[in-house]
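Q: below are the sequence and a predicted model; questions follow.
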Amino acid sequence: MADRRLQVFHAVAKHLSFTKAAEALFMTQPAVTFQIRQLEEHFNTRLFDRTHGRISLTAAGQLALEYAERILGASAELDTRLQEMSGQLGGPLLIGASTTIADYLLPRVLGAYKARFPGVVPRLFVANSEAVQIRVAERSLDIGFIEGDSHLPLLVTDVCCEDELQVTCAPSHPLAKLKSATPESLTHYANISREPGSGTREVIDHYLQTAGVAPDALQRVMELGSPEALKGMVATGVGFAIMSRATVVNEIRLGQLVQIPLVPRLIRNMSVVYPRERIHSQLVSSFVEFAKQNLGAMPVAEAASARA
């Protein structure tokens, strides 16, 4: 078991806030402050600078954070390996996922895996694909699920399943009357897009470039950070979006949105990424294989319908 003071220090260093660290650790703020003071007295140095109501890591704090991450990681791995020796999988499983995968595909997989291995405690970090990859590369997550492929050399990418993206708009939008849409035809209408760094945005931009249409040729009137925000805005009729079929099954069933296939079709990969040079525990390897099998066998529309 790692020193509690290191666990508290790591939380404060990551959040750069005593209040947020206390909330994350289910501790009081005075208790967090006491643990940090004890650690600073032990090392006889300041680990944080406190100025104008904000905190930052000192040079000593930066060094301590590097070692704290190694120590806490080794401690968690020790717990997992000892449980594996007992013949049972268990312990924390740190997973990152892009918003589309986290909201529409992973819940069923996590539920089924938890039912099979009750001792496993999944912890899910949700962000865009770029942020997930960065967390996996810096080893603060065990694995990540992203849209498309990773471009980071430190990571290995395994394809889990395919997903189709289609033009999505309100039933009253002019595009709703079409049976299909070409990339060039989309430049004549207002577009609502995901934010830069989103895996969906990256896939769409690459698709347009391959089709000979510059991404900037789209009349982007708004950029939003989640599929839910995108759906809500598209439903107002302000513009169209290009979205995964998995995200809008319920809205199409209710008549709130319409989807039109692109020509040529826009198919992307959903992938799992993990550090290239890391020896994975049996727990991580087991979940990766379980997720790949289940996501690969799960029709995207069926996955979305499960949320209805």
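A: Nice, I can see it. Residues are numbered from 1 along each chain as shown.

Q: and the one helix or strand Lys231 maps to, what does it pack onto?
A: Here Lys231 sits within helix 227-234, counting by DSSP states H and E. Identification of packing neighbours for helix 227-234 by 3 or more CB pairs under 8 Å, 6 or more residues apart in numbering; DSSP states H and E yields helix 99-104, strand 155-169, strand 190-194, strand 219-224, strand 241-244. Quick note: C-beta positions are derived from backbone N, CA and C, even for glycine.

Q: so where do the strands sit in the chain?
A: For the chain, strands defined by DSSP state E occupy the ranges 48-51, 54-57, 91-97, 120-126, 143-147, 155-169, 190-194, 219-224, 241-244, 258-260, 266-275.

Q: next one: the shortest one to chain centre, how far?
A: Which is strand 258-260. Distance of strand 258-260 from its chain centroid, counting by CA atoms, centre = their mean, to the nearest Å, is 26 Å.

Q: direction included, what does that strand pair against?
A: strand 155-169 (antiparallel) (DSSP bridges).

Q: quick one: work out the angle between the strand it pairs with and strand 143-147.
A: 40 degrees (axes from the mean of the first three to the mean of the last three CA atoms, to 10 degrees).

Q: buried set for strand 155-169?
A: Neighbour-count burial for strand 155-169 flags Leu155, Thr157, Cys160, Cys161, Asp163, Glu164, Leu165, Gln166, Val167, Thr168, Cys169 (criterion: 16 or more other CB atoms under 10 Å).

Q: outside of the helix holding Lys231 itself, list whatever touches it.
A: Contacts of helix 227-234 with the rest of the structure, by CB atoms under 8 Å, 6 or more residues apart in numbering, involve 99-100, 103-104, 168-170, 192, 194, 222, 224, 239-241, 243-244, 247-248, 251, 257.

Q: hmm, 6 Å instead?
A: With contact meaning CB atoms under 6 Å, 6 or more residues apart in numbering, helix 227-234 is reached by Thr100, Thr168, Ile192, Leu224, Ala241, Thr247.

Q: average pLDDT for it, rounded please.
A: When pLDDT is averaged along helix 227-234, the result is 94.

Q: okay, buried residues for it please.
A: Buried residues in helix 227-234 (16+ other CB under 10 Å): Pro227, Ala229, Leu230, Lys231, Met233, Val234.

Q: same check, this time on stretch 252-260
A: Applying 16+ other CB under 10 Å to stretch 252-260 flags Ile252, Leu257, Val258, Gln259, Ile260 as buried.

Q: now tabulate the buried residues of helix 227-234 in CSV and tack on distance to Leu6.
A: Converted to CSV, the buried residues of helix 227-234 look like this (distance: CB to CB, whole Å):
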residue, distance to Leu6
Pro227, 37
Ala229, 38
Leu230, 41
Lys231, 43
Met233, 44
Val234, 47
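
Q: and His173, how far from Tyr207?
A: 20 Å (CB to CB, to the nearest Å).

Q: now the buried residues of strand 155-169 in TSV, with pLDDT and distance to Glu23?
A: Output for the buried residues of strand 155-169, formatted as TSV (pLDDT from 0 to 100; distance: CB to CB, whole Å):
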residue	pLDDT	distance to Glu23
Leu155	90	30
Thr157	90	34
Cys160	87	33
Cys161	86	35
Asp163	89	35
Glu164	92	40
Leu165	95	37
Gln166	97	40
Val167	98	41
Thr168	98	37
Cys169	98	40
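
Q: from those residues, which is closest to Glu289?
A: Nearest to Glu289 among the buried residues of strand 155-169, counting by CB to CB, is Cys160 at 10.6 Å.

Q: pull the contacting residues for that closest one.
A: Applying CB under 6 Å, 6+ apart, the residues near Cys160 are Met270, Val272, Lys292, Leu295.

Q: which of those residues are buried? Put it as a ChimeraX command.
A: Buried members of those, defined by 16+ other CB under 10 Å, are picked up in ChimeraX with:
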select :270,272,292,295
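
Q: how about the contacts of Cys160, which pair is most distant?
A: Largest pairwise distance in the contacts of Cys160, by CB to CB, is 10.0 Å, between Met270 and Lys292.

Q: picking up where we left off before, report the angle between the helix holding Lys231 and strand 190-194.
A: Using the same axes, to 10 degrees: helix 227-234 against strand 190-194 is 170 degrees.

Q: now helix 227-234 against strand 219-224, angle please.
A: Using the same axes, to 10 degrees: helix 227-234 against strand 219-224 is 140 degrees.

Q: kindly export helix 227-234 (C-alpha atoms) in CSV.
A: As requested, the backbone C-alpha atoms of helix 227-234 are provided in CSV (Å, rounded to 0.1, in the frame of the first residue of the first chain):
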residue,chain,number,x,y,z
PRO,A,227,-22.5,14.8,-29.3
GLU,A,228,-25.3,15.8,-27.0
ALA,A,229,-24.7,19.5,-27.5
LEU,A,230,-24.4,18.9,-31.3
LYS,A,231,-27.7,17.1,-31.5
GLY,A,232,-29.5,19.8,-29.5
MET,A,233,-28.3,22.5,-31.8
VAL,A,234,-28.8,20.7,-35.0
